[in-house]
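[1] Let me see the structure of the following:
(one chain, ligands or ions: 2)
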Amino acid sequence: MSKSDMTQRTIPINLLTPPPVSLGEASSHFRGSRSLVSVGVAAVTSVAASGIAGGWPAAVSAAVGSVAALAAVPLVYASWLALFSARCTANGTCCPSCLSRMWQLCCARCGEPMPPLALMFGGVFLPGCPHCGLGLSSREETLMAWCSTCNFRLPRPREFYRRPTHLAVLATVPPLRVPGGLGEVAGAAHGLVGFDCSDPRAVFVLLVTDGTAMPVFDNHVIARTSLLLLSSRLDEQHKDRFRSFFTRVAEREVE
Ligand SMILES: [Zn+2]
Ligand SMILES: [Zn+2]
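    Ligands and ions are numbered 1, 2, ... in the order given. The predicted structure is shown next:
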């Protein structure tokens, strides 16, 4: 799958869940997988060896077993992919930069999109980038979590996609700053954003907004926000403005 294909499939920012993937599309993710080729070669060798040792009945039996094993790999992957997508949806994983839904991957060197196959079973079926040959590893940061909407990248996709993402909105007064303890997302597409990925239990994203500017919030931001932080320096009129958007969200007053 080329980058241009992925660009054409760029998701709208407010899509709530990863799209379902057909078995045919899941099978296409194995394109360029040398491991699956190796399994196929091993199967053919096994059939030939069985034929030599035990004659035609043994060879036919080995061939049927090999074909079944090869056919099962994409099926196992399709099931794994459905679970991966469901987990990203349940975790509320979103891009720290544009707050779009996020579940994709890319190669750290050439930036080409990589299928989630690169994460399944430690990446045994896609250990290297088919485009530039780089060994793909979440831990070694050669495989990145990637947002197809704004092209934002994050290291350690295995850990990132495994944890729930908590999105909070901070309404404060200028000058706007990201609070200490959070890293600022450079050039965030959605404004001033703080980010913390160091907690092994969750990812924290904080959208810092000017509480005196009467901003408008998109539905996808409202739907993903779990905490509203209101500066004590805001007057009630401005606080009510935020409460009118985040009606079902926990609220806390901060300095
Ligand atoms: Zn993004
Ligand atoms: Zn590459």
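
[2] List the buried residues for stretch 151-169?
    151-152, 154-158, 160-163, 165-169 (16 or more other CB atoms under 10 Å). (Glycine included, C-beta is placed from N, CA and C.)

[3] now, which of those lie within helices?
    157, 158, 160, 161, 162 (DSSP state H).

[4] Confirm for me that the first one is in contact with residue 105.
    What it means is residue 157. Yes: the pair residue 157 and residue 105 qualifies as a contact (CB atoms under 8 Å) at a distance of 5.6 Å.

[5] what residues are shared contacts of these two?
    Contact with both residue 157 and residue 105 is made by residues 119, 143, 144, 145, 146, according to CB atoms under 8 Å, 6 or more residues apart in numbering.

[6] Show me the residues you listed that map onto strands.
    The members of the shared contacts of residue 157 and residue 105 that map onto strands under DSSP state E are 143, 144, 145, 146.

[7] ok, of those residues, which one's closest to ligand 2?
    residue 143 (9.5 Å; CB to the ion).

[8] Around that closest one, count how many other residues there are.
    Using other CB atoms under 10 Å, residue 143 has 26 other residues around it.

[9] Now do the contacts for the residue nearest to it when sequence neighbours are not counted.
    Nearest non-adjacent residue to residue 143, counting by CB to CB, 6 or more residues apart in numbering: residue 136, 4.3 Å away. Neighbouring residues of residue 136 by CB under 8 Å, 6+ apart: 107, 114, 118, 123, 126, 127, 128, 129, 142, 143.

[10] before we move on, what about residue 143?
    Going by CB under 8 Å, 6+ apart, the list of residues near residue 143 reads 105, 106, 107, 108, 114, 118, 119, 123, 136, 137, 157.

[11] Residue 254 now?
    Residue 254 neighbours (CB under 8 Å, 6+ apart): 170, 172, 229, 230, 231, 232.

[12] which residues does it bridge with?
    Note on residue 254: beta-bridge partners residue 231, judged by DSSP bridges.

[13] Let me see the confidence value for it.
    In this model, residue 254 is scored at 94, pLDDT.

[14] could you pull out the strands for the protein?
    Counting by DSSP E, the chain has these strands, from start to end: 104-107, 113-114, 143-146, 153-154, 165-172, 183-184, 192-196, 203-210, 225-231, 250-254.

[15] Can you tell me how far residue 141 is from residue 23?
    Between residue 141 and residue 23 the computed distance is 31 Å (CB to CB, to the nearest Å).

[16] Got the domain ranges for the chain?
    The chain breaks down by automatic domain parsing into domains covering 1-161, 163-254.

[17] hey, least reliable of these by pLDDT?
    Across these, domain 1-161 gives the lowest mean pLDDT, at a mean of 79.

[18] What's the local residue count around residue 247?
    8.

[19] I'd like the distance between it and ligand 1.
    26 Å (CB to the ion, to the nearest Å).

[20] One more: residue 87?
    As defined by CB to the ion, residue 87 lies at a distance of 19 Å from ligand 1.

[21] these two touch, right, that residue and residue 160?
    No: using CB under 8 Å, residue 87 is not in contact with residue 160; the gap is 11.7 Å.

[22] circling back: next, format the strands of the chain as CSV and append distance to ligand 2.
    Output for the strands of the chain, formatted as CSV (distance: least, CB to the ion, whole Å):
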stretch, distance to ligand 2
strand 104-107, 3
strand 113-114, 8
strand 143-146, 10
strand 153-154, 13
strand 165-172, 26
strand 183-184, 26
strand 192-196, 25
strand 203-210, 25
strand 225-231, 35
strand 250-254, 42
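
[23] now for the ones you listed, which one comes closest to residue 74?
    For residue 74, the closest of the strands of the chain is strand 113-114, at 16.8 Å, according to CB to CB.

[24] so what strands line up beside that closest one?
    For strand 113-114, pairing defined by DSSP bridges yields strand 104-107 (antiparallel).

[25] so how far is the partner strand off the chain centroid?
    8 Å (CA atoms, centre = their mean, to the nearest Å).
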